[in-house]
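Return a 3D structure for these sequence lines:
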Amino acid sequence: MKRPRLVLVVLATVLAQLLFFGDLVVAGVRLDIAVAVAAAVGLSLGAVTGAWLAFAIGALLDLFLSTPFGLSALAYGLAAFVVGWVADSNLSTTLVHRIAIVAGATVFATMVFAVVGTVIGQTDMLTGRLPRIVIVMTLANVVLAAPVLWAVSSLFRPVLSRSRLM
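Residues are numbered from 1 along each chain as shown. Predicted coordinates:
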């Protein structure tokens with residue numbers, strides 16, 4: 001029931017990232033919609049399920065990236081877990097708050113990616129470009145947040161039972 005939707009989110013995100021957003025460069029920064037999707041699944045599915053789904057998205061994307069395998073998976077999974085944990089604490093769920101959560105998740109995932117990458121030997125991760133990368137990716141994901149949040153939440157919104165429709 002929910003599994004085909006989970007697979008759809010993973011494949012759609014990976015295809016969108018690889019075919020469109022991976023080639024979209026703004027101010028010298030390649031955009032990353034997968035972080036926004038990771039935050040959206042964390043908000044929609046909770047901490048644990050969101051983390052596993054975001055981890056799967058990152059692992060699949062890592063197959064196509066030149067960075068160490070698992071780095072994106074770790075960053076997306078942790079971001080989705082934190083977002084789901086925050087959402088489970090019953091904070092406000094207005095669109096503005098959810099967009100702010102996507103922005104925070106983007107900053108968090110980008111920093112995890114850079115710091116863990118540096119720890120495992122990718123010396124070019126923590127450079128003078130990191131603030132620009134964080135700012136551009138965060139602004140781009142804020143712009144993309146509303147449609148991404150809508151798409152993910154509409155896929156996993158509970159279907160009304162037939163008795164409630166009558």
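
low-scoring pLDDT stretches of this protein, where are they?
1, 90-92, 158-166 (pLDDT under 70).

And the helices in it, which stretches?
Ranges of helices in the chain, per DSSP state H, are 3-19, 33-45, 47-62, 71-88, 95-119, 130-156, 162-165.

which one of those lies closest to V26?
With distances scored as CB to CB, the stretch of these nearest to V26 is helix 130-156 (5.5 Å). (C-beta placed from N, C-alpha, C; glycine too.)

from the helices of the chain, which stretch is densest packed?
helix 33-45 (a mean of 29; mean count of other CB atoms under 10 Å).

chain center to that helix: distance?
4 Å (CA atoms, centre = their mean, to the nearest Å).

Stretch 21-35 now?
The answer for stretch 21-35 is 13 Å, by CA atoms, centre = their mean.

sorry, back to before: so which of the helices of the chain is nearest A27?
helix 130-156 (5.1 Å).

For V116, list the residues it contacts.
Residues near V116 by CB atoms under 8 Å, 6 or more residues apart in numbering: 71, 74-75.
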